[in-house]
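Engineer: let me see the structure of the following:
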Amino acid sequence: MPRLSGFEIAESVQELSRLLRECVSTRGKERLQVLYLYKAGLMGCERDLAAFVGRNPSTVYRWLQCYRRGGLRRLLSPKSGGGRTAGIRGTVLDKLVAYLEAAQGFNSYKQVQAWLRNECGLEVSYKVVHATLRYRLGLRPSSGPPGTGNA
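Structural biologist: As a prediction, the model looks like this:
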């Protein structure tokens with residue numbers, strides 16, 4: 001198998017070895033291991049490197065491209081957060097928290113959903129209201145007066 005053409009690693013074998021020992025994340029260790037094995041001359045092609053770390057050759061190729069473009073800093077940088085933005089956020093969330101504090105709680109998620117629609121003009125699903133109140137704010141509907149059996 002031919003060595004990777006035109007690919008040089010700036011760090012020394014000793015420095016890569018030290019970084020490998022100090023690295024705490026599995027994600028970083030795999031990537032550093034690929035650089036170390038290539039720099040030390042133990043493996044010279046993407047296919048061998050990929051087989052050693054248990055990854056697809058295209059993944060190793062992508063890591064090496066990332067290193068070429070930005071060095072170790074880019075290769076080891078944490079993944080940027082992906083995912084969807086929250087349905088209730090910013091000033092609307094602040095208004096909601098103020099409303100709930102003034103009202104001393106809420107009776108149902110549907111009540112809060114209607115309040116958001118009327119007061120803020122925000123049309124969100126029941127699921128979004130539930131997730132925001134229950135998991136982000138740690139709130140639950142009021143259980144009603146004692147002795148009514150509502151729990």
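Engineer: now do the buried residues in stretch 35-47.
Structural biologist: Across stretch 35-47, burial judged by 16 or more other Cβ atoms under 10 Å covers L35, Y36, L37, Y38, K39, M43, E46. In short, each C-beta sits where N, CA and C put it, glycine included.
Engineer: ok, the last one touching T59?
Structural biologist: No. In this structure E46 lies outside contact range of T59 using Cβ atoms under 8 Å: 9.3 Å.
Engineer: got the domain boundaries for the protein?
Structural biologist: 13-76, 84-151 (automatic domain parsing).
Engineer: which secondary structure elements does the host helix or strand of E15 contact?
Structural biologist: Assigned by DSSP states H and E, E15 falls within helix 13-22. The contact analysis (3 or more Cβ pairs under 8 Å, 6 or more residues apart in numbering; DSSP states H and E) places helix 13-22 against helix 26-39.
Engineer: mind redoing it with 10 Å?
Structural biologist: helix 26-39, helix 57-76 (3 or more Cβ pairs under 10 Å, 6 or more residues apart in numbering; DSSP states H and E).
Engineer: pick the most buried one from those helices.
Structural biologist: Neighbour counts (mean count of other Cβ atoms under 10 Å) averaged over each of the helices and strands packed on helix 13-22 peak at helix 26-39, with a mean of 19.
Engineer: now do it and helix 57-76, the angle between them.
Structural biologist: On the basis of axes from the mean of the first three to the mean of the last three Cα atoms, to 10 degrees, helix 26-39 is oriented at 110 degrees to helix 57-76.
Engineer: beyond helix 26-39, next helix or strand please.
Structural biologist: Next along from helix 26-39, by DSSP H and E: helix 46-53.
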